[in-house]
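Engineer: Coordinates for the following, if possible.
(one chain, ligands or ions: 1)
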Amino acid sequence: MALAGGVRVRARALLRAGAQFRGPVLGRPEPAAGGGDGTRRFANLRVLVEPDPAAGVAVMKLKSPPVNSLSLEFMTEFLISLEKLENDKAFRGVVITSDCPGVFSAGLDLTELCGQNPAHYAEYWKAVQELWLRLFLSNMVLVAAINGVCPAGGCLMALTCDVRVLADNPKFVIGLKETQLGIVVPFWLKDNLVNTIGHRASEHALQLGLLFPPAEALQVGIVDQVVPEDQLQSTALSVMARWMAIPDHARHLTKAMMRKATADSLIKHRDADIQNFVNFISRDSIQKTLQVYLQKLKQKKG
Ligand SMILES: CC/C=C\CCC/C=C/C(=O)SCCNC(=O)CCNC(=O)[C@H](O)C(C)(C)COP(=O)(O)OP(=O)(O)OC[C@H]1O[C@@H](n2cnc3c(N)ncnc32)[C@H](O)[C@@H]1OP(=O)(O)O
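Structural biologist: Sure thing, here's the model as predicted:
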């Protein structure tokens, strides 16, 4: 699946503006490069990709400090990196993790949701949809190595993965807390959660806006494994090795078959979903709630 129009235009603009790729572009055979360590490491500004072509695996590290919030720029850069890996036959699996200590991703970037105009909200939501679709429908095996707090849009990214491994730290909560902010998750994210933890558990999790600490996250099934923090990366790679042992074609056709109906329901109603988001987020009451919340976050330190 190619990047959707708006996101592609933005991706091109970003590339023209000089998103910095250190090392070769994946998909073009070039000599080993990177930090002089013989790897084909490359990065744009906000995503660091550490490829291991011999294993067929790349580690994507989210590095948009302070909290990996899903700004338009971050999502665009993430999608460019993902597409490069997707188009390179050397890569069959990706581990997604964070380079920001203690935070996997803080979710949607609240500054993109406050005080902007409807055209901006529409562009933003299209990029969120695209991020979810591209991850959810990826042919590659995706393993989330969750090494920090993972609320809302962070959880959205993790839920698209085939496997979620969470580091065992009581601060590292995961879930869809949207109702706590007075907002409603989109139907396709609700479906993604229902597919993962079942209908009844989703009703509770979504209505209460629950953020699960590790033991509860494992119990409800929103993550597949909880491991000591220092074993997260090695566990994610050994989980990956198990999935890579399955013939690729059969595995990814099976994945597509399992996910098609959920993805199609968004693809068929994409424009309506954007319009619905724009109407909702533009409401005065929602704007006020989000602004107060953002201010509280900013005042937290003071
Ligand atoms: C209408 C919508 C419809 C559907 C929604 C679809 C589903 C998705 C929804 C969302 O994702 S909404 C966003 C939900 N996310 C959150 O509520 C998380 C908010 N952040 C936090 O709780 C904490 O920041 C933290 C992630 C636990 C990290 O805490 P820490 O103490 O490490 O950092 P601090 O709080 O000091 O934040 C640093 C810095 O970052 C700014 N920040 C934090 N989160 C966001 C964010 N989501 N968007 C934009 N900016 C964010 C925070 O204000 C601080 O800024 P400052 O340095 O300028 O003070």
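Engineer: CA atoms for contacts and neighbours, from now on please.
Structural biologist: Fine.
Engineer: Which positions in the stretch 101-250 of the chain make contact with the ligand?
Structural biologist: 103, 106-111, 151-153, 178, 183-186 (Cα under 6 Å from any ligand atom).
Engineer: In strands, which of those residues appear?
Structural biologist: Among these, the residues falling in strands (DSSP state E) are Val103, Pro151.
Engineer: From the residues of the stretch 101-250 of the chain next to the ligand, which one has the minimum pLDDT?
Structural biologist: Here the lowest pLDDT out of these sits on Ile183, with 91.
Engineer: What sits closest to that one if chain neighbours are left out?
Structural biologist: Leaving aside its chain neighbours, Ile183 sits nearest to Ile286 (7.7 Å; criterion: Cα to Cα, 6 or more residues apart in numbering).
Engineer: if I pick the one you found, what's in contact with it?
Structural biologist: Gly182, Ile183, Phe280 (Cα atoms under 8 Å, 6 or more residues apart in numbering).
Engineer: hang on, the earlier thing: which one of the residues of the stretch 101-250 of the chain next to the ligand has the most neighbours?
Structural biologist: Pro151 (27 neighbours; other Cα atoms under 10 Å).
Engineer: got the contact list for it?
Structural biologist: Ser105, Ala106, Gly107, Val173, Ile174, Gly175, Leu176, Lys177, Leu211.
Engineer: Name the member of these that has the highest neighbour count.
Structural biologist: Ser105 (33 neighbours).
Engineer: Could you pull up phi and psi at that residue?
Structural biologist: With angles defined as degrees, to the nearest 10, Ser105 sits at phi -160, psi 140.
Engineer: Distance of Phe74 relative to the ligand?
Structural biologist: 12 Å (Cα to the nearest ligand atom, to the nearest Å).
Engineer: Find the nearest non-adjacent residue to that residue, please.
Structural biologist: Arg46 (6.0 Å).
Engineer: just checking, that neighbour touches Thr76?
Structural biologist: No. Using Cα atoms under 8 Å, Arg46 is not in contact with Thr76, being 9.7 Å away.
Engineer: quick one: which of these two has more around it?
Structural biologist: Shown here are Arg46 and Thr76; by other Cα under 10 Å, Thr76 has more neighbours (25 against 21).
Engineer: host element of that one?
Structural biologist: helix 72-87 (DSSP states H and E).
Engineer: pLDDT (mean, whole number) over that helix?
Structural biologist: Per-residue scores along helix 72-87 average to 97.
Engineer: begin at 46 from here
Structural biologist: From this message on, residue numbering opens at 46, which makes the last subject helix 117-132.
Engineer: Output the contacting helices and strands for whichever helix or strand comes after that helix.
Structural biologist: Going down the chain from helix 117-132, the next helix or strand is strand 138-143, by DSSP H and E. The contact analysis (3 or more Cα pairs under 8 Å, 6 or more residues apart in numbering; DSSP states H and E) places strand 138-143 against strand 102-107, strand 186-191, helix 277-289.
Engineer: and Pro273, how many residues sit next to it?
Structural biologist: So Pro273, with other Cα under 10 Å, has 11 neighbours.
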